[in-house]
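Asker: show me how the following folds:
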Amino acid sequence: MPHSLILLSSPLPHLHSSISFPPRRSLQCRCSSAQDQSPSQKNQLKPSSRRKEKPESDKVDPVGFLTSLGISDRLFSQFLRERHKAYKDKRFEIYSRLIDLQQASAGYEILGMHRHRQHRIDYMEWAPGVRFTALIGDFNQWDPTVNAAREGHFGHDDFGYWFVILEDKLREGEEKEEYYFQEYNYVDDYDKGDSGVKLEDLIKKMKEEYWEPGEIMTRKERMEMVSKLFEKFFGPNSAQSEEELGEIKDAETRYNEWHKERVKNDPNWEKKPNYEVIDDGRKKLDIFRVVGDKVSKEKIKLKRPPIAYWVELRKGRKAWMKKYLPTLNHGDKYRVYFNTPDGALERVPAWATYVLPDPENQQACAVHWEPPVEEIFKWKFKRPKIPNSLKIYECHIGISGSECKISSFNEFTSKVLPHVKECGYNCIQIIGLVEHKDYSSVGYKVTNYFAVSSRFGTPDDFKKLVDEAHGLGILVFIELVHSYASADESVGLSLFDGSNDCFFHTGKRGHHKHWGTRIFKHGDVDVLHFLLSNLKWWVNEYQIDGYRFHSLASMFYTHNGFGTFTGSLEEYCNQYVDREALIYIILANEMLHEFHPNIITIGEDATFYPGLCEPITKGGLGFDYWVNLSIPNMWLYYLENIPDKEWSVNKIMNVLVSSQPYKQKMLSYVENYTQSISGGKSLAEILLNTNREDLNPSLNVSRAISLLKIIKLITFTTSGRAYLNFMGNEFAHPNRVEFPMQSNNYSFALACRKWELLNEGMHKSMFNFDKDMISLDASEKILLRNPPNVHHCDESTMVVSYTRGPLVFIFNFSPEISYELYKIGVEEAGEYELVLNTDETKYGGDGKLKRDEYIQKTNDKRVDGYRHSLEMNLPCRSAQVYKLVRILRI
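Answerer: Prediction:
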């Protein structure tokens with residue numbers, strides 16, 4: 001038939017109005033109203049030619065940060081442009097599969113084990129290389145034939161996602177549900193309990209309260225209208241030839257006749273909503289620009305979905321427990337069973353949230369974590385406000401106790417958190433938190449990315465730790481390893497589905513050349529789905545406040561960062577650079593900062609990749625802070641290899657303050673655990689146990705405490721807006737960190753912290769100094785001020801001086817010479833008060849400076865290019881901090 005009638009618009013001319021939507025696609029259809037549009041309507045349908053200007057900060061310039069820094073490099077600029085194009089293509093690919101970045105990072109909401117409201121548990125897993133999937137565990141006596149995925153698309157899709165349903169079992173004597181869609185409320189706050197509402201009563205209530213007359217069109221059968229039309233045109237009483245059919249009237253005439261008869265049968269029809277449009281088959285209109293009844297449209301838009309009515313139909317937890325036996329109980333162990341082309345496999349699910357080792361030291365198992373409502377953890381404190389500067393206390397849960405054992409979350413919460421608060425640090429950064437099989441790996445060989453390490457406690461124990469930290473005003477960061485993963489095949493992701501290319505690259509590219517780990521396939525959409533969801537999981541489930549991305553060089557380069565770097569920009573864009581890994585980091589930072597604006601991300605890259613902390617819109621990677629790994633390496637090298645007299649203060653300051661363009665976003669630290677577990681020693685251990693011939697053994701303690709204080713102070717006060725201290729270093733812990741392993745006969749002697757030293761000798765002095773140093777920043781905002789202005793750096797005297805705001809920092813690195821009336825230039829004339837002195841007796845110093853020397857007045861002698869100067873006494877191996885307290889105007 002040449003004409004047709006389509007139900008979608010009002011037949012009344014005076015109700016016609018133009019509704020315009022932006023033309024997102026060029027899709028066209030033959031659709032128009034019965035009456036021609038007015039010129040004003042046609043003009044309204046035209047898209048506006050004016051586009052709003054984007055703010056300068058939102059404009060995308062792939063080489064913007066190079067331009068702002070005045071760097072001109074044709075090859076690297078071209079690489080940034082190509083990377084940006086690949087980034088846009090990857091976003092389009094993700095959006096094509098997973099709708100948007102929000103959904104791409106929310107995989108944990110559907111993958112893994114989840115209780116469904118319809119008295120069942122749903123399990124979903126990504127394993128594209130398998131042919132059959134089942135769940136086995138305590139609940140089915142480890143039988144792979146009981147709970148398996150159904151065949152065809154009911155059990156898996158074309159992308160390799162498998163779906164298994166575990167139906168709750170009816171208790172003896174109970175009958176099946178009256179309605180197949182019956183839901184139960186397990187934990188929701190709006191559980192109204194068994195209200196006893198019947199479906200018929202609910203529908204009647206909805207008709208009376210929710211729907212207006214005419215908004216419900218009931219039919220006895222779904223195909224009622226279609227069958228009537230079919231009978232009219234092709235039934236026994238229909239026209240048998242074109243002559244009997246007669247002339248077919250135009251669409252508008254047919255519609256008016258049909259509408260007249262409808263009004264005749266229902267006099268109130270005119271008062272009901274109208275949603276009809278006539279298609280005359282002549283005009284072309286964009287499907288997003290239809291002419292309809294504005295009044296009816298607004299009514300429908302204002303209506304809220306009738307969810308509240310259906311909630312009343314739900315039954316409570318008590319009714320569920322009375323009628324059903326849960327197919328999977330809280331604490332039950334389970335694994336996933338795969339049938340692959342190479343045989344059967346049993347794996348710990350990739351999205352498992354709690355994993356326990358088997359009691360007989362066999363294969364590990366996932367644990368179903370679904371505590372009863374009365375035992376579910378409830379958060380007491382809100383996230384603290386993000387501080388303008390970070391003072392991070394790095395820690396490991398397992399070695400945080402004084403006993404030679406693996407410590408727990410609860411022990412850390414009760415003993416270490418109050419100590420962190422007393423020290424003045426505003427963040428803790430936890431390493432080795434995510435589940436790992438090999439304890440000696442410090443947690444870097446991760447096996448289960450969505451689970452806290454069961455060695456330390458349960459998921460709720462960790463939530464309590466985070467909650468208590470927030471109550472003390474302390475942020476919680478975790479160190480995340482997305483650059484590589486454990487190569488373990490029984491517990492981890494390696495050969496997860498029997499194939500070598502599920503989560504990781506194949507061949508040499510999929511293996512870390514030095515650490516025996518696997519490298520993620522960061523360009524795969526499903527791997528990105530896994531990693532992005534992992535980032536969001538820790539934020540949403542455990543209220544994490546930030547991430548430190550570990551060893552970015554391992555993922556940025558196919559040589560895993562072990563190549564030779566000379567500083568040329570060509571080395572950051574050559575054939576060894578993994579562009580897909582860079583794009584993943586951009587997507588990760590974009591996702592975290594878009595959906596969680598207060599999240600802090602820290603990049604740890606030994607190669608100092610250009611643009612680490614630059615905005616993504618300017619060609620950067622989007623981190624908030626970057627870690628300066630040169631500083632701890634420098635101090636370690638000087639203490640182990642260079643005699644004290646030969647230290648070069650120029651070289652030291654060059655390392656500390658050379659990164660001026662990124663200075664504000666730099667994270668500095670003196671030492672952390674890595675130099676210990678890599679076969680080295682802690683700085684205190686080096687200084688206290690040295691056997692060098694050029695040193696007097698009787699002066700070891702004095703030398704150790706003096707050097708540690710000035711090294712800490714100069715590193716802290718030259719840092720950007722972030723500083724880090726590893727657990728125990730605040731009181732000069734004398735031992736290195738060494739985890740139990742075969743080489744030390746699995747001893748815990750060096751896998752603990754000697755907290756009893758806090759009140760003894762030099763350790764007490766160092767602790768007092770560290771507290772006062774951190775406290776000085778709290779009062780003077782040192783880290784928030786402009787980068788240090790170094791105006792005095794004398795190799796011959798080994799004296800360094802610089803200013804930050806009203807503070808003057810003076811360091812005498814000379815091991816033997818103390819200076820009297822040493823001249824230091826200052827910009828402002830006035831009085832300067834000594835606010836911190838490393839030589840004080842309470843810090844283990846000699847106390848050479850007297851009280852009358854704590855206030856210094858300037859003189860008019862020109863020094864260091866300044867019109868004014870200070871003359872002060874400088875004890876050897878000491879540092880002083882002076883504050884301008886009174887300005888003299890001449």
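Asker: neighbours of residue 182, how many?
Answerer: Using other CB atoms under 10 Å, residue 182 is surrounded by 18 other residues. The C-beta positions use only the backbone N, C-alpha and C, and glycine is treated the same way.
Asker: which residues touch it?
Answerer: Residue 182 makes contact with 118, 119, 313, 315, according to CB atoms under 8 Å, 6 or more residues apart in numbering.
Asker: how about 7 Å then?
Answerer: residue 118 (CB atoms under 7 Å, 6 or more residues apart in numbering).
Asker: just the pLDDT at it, thanks.
Answerer: pLDDT, residue 182: 84.
Asker: three-state assignment of it?
Answerer: With DSSP: H, G, I helix; E, B strand; the rest coil as the basis, residue 182 sits in coil.
Asker: residue 305 too?
Answerer: Secondary structure, three-state DSSP: residue 305 is coil.
Asker: and it, its phi and psi?
Answerer: Main-chain torsions, residue 305, degrees, to the nearest 10: phi -60, psi 140.
Asker: show me the contacts for it.
Answerer: Contact partners of residue 305, counting by CB under 7 Å, 6+ apart, are absent.
Asker: any idea what the closest residue to residue 148 other than its chain neighbours is bridged to?
Answerer: Nearest in space to residue 148, with sequence neighbours left out and distances taken as CB to CB, 6 or more residues apart in numbering, is residue 134 at 3.8 Å. For residue 134, the beta-bridge assignment (DSSP bridges) gives partners residue 148, residue 337.
Asker: quick check: residue 823 is in a helix.
Answerer: No: assessed with three-state DSSP, residue 823 is strand; it does not lie in a helix.
Asker: which helix or strand contains the residue nearest in space to the middle of the chain?
Answerer: For the chain, residue 535 is the residue whose C-alpha lies nearest the centre (CA atoms, centre = their mean; 3.6 Å). In this structure, residue 535 sits in helix 525-542 according to DSSP states H and E.
Asker: point out where the stretch 251-400 of the chain drops to low pLDDT.
Answerer: Scanning the stretch 251-400 of the chain for pLDDT under 70 picks out 251-252, 255, 269-294, 359-361.
Asker: show me where it has helices.
Answerer: Using DSSP state H, counting those that start in this stretch, the helices of the stretch 251-400 of the chain run over 251-265, 294-302, 307-313, 317-323.
Asker: quick one: end-to-end distance for stretch 824-832.
Answerer: 12 Å (CA to CA, to the nearest Å).
Asker: near residue 556, how many other residues are there?
Answerer: Neighbours around residue 556, by other CB under 10 Å: 23.
Asker: right, and it touches residue 576 too?
Answerer: No: using CB atoms under 7 Å, residue 556 is not in contact with residue 576, being 9.1 Å away.
Asker: so who does the closest residue to residue 484 other than its chain neighbours touch?
Answerer: Spatial nearest neighbour of residue 484, chain neighbours left out: residue 517 (4.0 Å); criterion: CB to CB, 6+ apart. Residues near residue 517 by CB under 7 Å, 6+ apart: 445, 484, 485, 486, 487.
Asker: looking at those, spot the one nearest residue 110.
Answerer: Distance to residue 110, by CB to CB, is smallest for residue 485 among the contacts of residue 517, at 22.3 Å.
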